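1. sequence-free structure coming up:
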């Protein structure tokens, strides 16, 4: 099945295309437990993609260790790669981060990140795929 999806994809199609864990986070706005995701401690260089549709979301150059247990980035790979929506679940007011292409839930953004943006995009590993950057010095 193609990795390309759109917001118009039906719920049964999403269930077929994603693992149960990915479906729970990307489509039902769940979250993975802190320190359990495969990318929270990754130092590999490359690009983090949406696990739902393959759209580029974050570059490893903007990843930092926030100590929260989830991969954290100070900015998306390009303007418009992600969207933000107010999230009032669990008795809190937070800003939810969504893939701009497929609408998949990625995590939340907070204003306690490092310079230059002061933002912390706290993202579920299960919402991401990773494409390593080729080592240009090896050519």
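-> Arrived safely. Values in this document were obtained by computation on a predicted structure and should not be read as measured data.

2. Please report how far the closest residue to residue 55 other than its chain neighbours lies from residue 127.
-> In this structure, residue 55 finds its nearest non-sequential neighbour in residue 101, 4.2 Å apart by Cβ to Cβ, 6 or more residues apart in numbering. Any C-beta I mention is one placed from the backbone N, CA and C, and that applies to glycine too. Residue 101 sits 13 Å away from residue 127, going by Cβ to Cβ, to the nearest Å.

3. overlap in contacts of those two?
-> Residues touching both residue 101 and residue 127 by Cβ atoms under 8 Å, 6 or more residues apart in numbering: residue 50.

4. mind listing the strands in the chain by residue range?
-> For the chain, applying DSSP state E gives strands covering 46-50, 56-59, 63-64, 72-73, 82-87, 94-99, 105-110, 120-123, 128-132.

5. Which one, of those strands, ends up nearest to residue 31?
-> Smallest distance to residue 31 across those (Cβ to Cβ): 7.4 Å, for strand 105-110.

6. Going by neighbour count, list what's buried in the closest one.
-> The neighbour-count check on strand 105-110 (16 or more other Cβ atoms under 10 Å) flags 105, 106, 107, 108, 109, 110 as buried.
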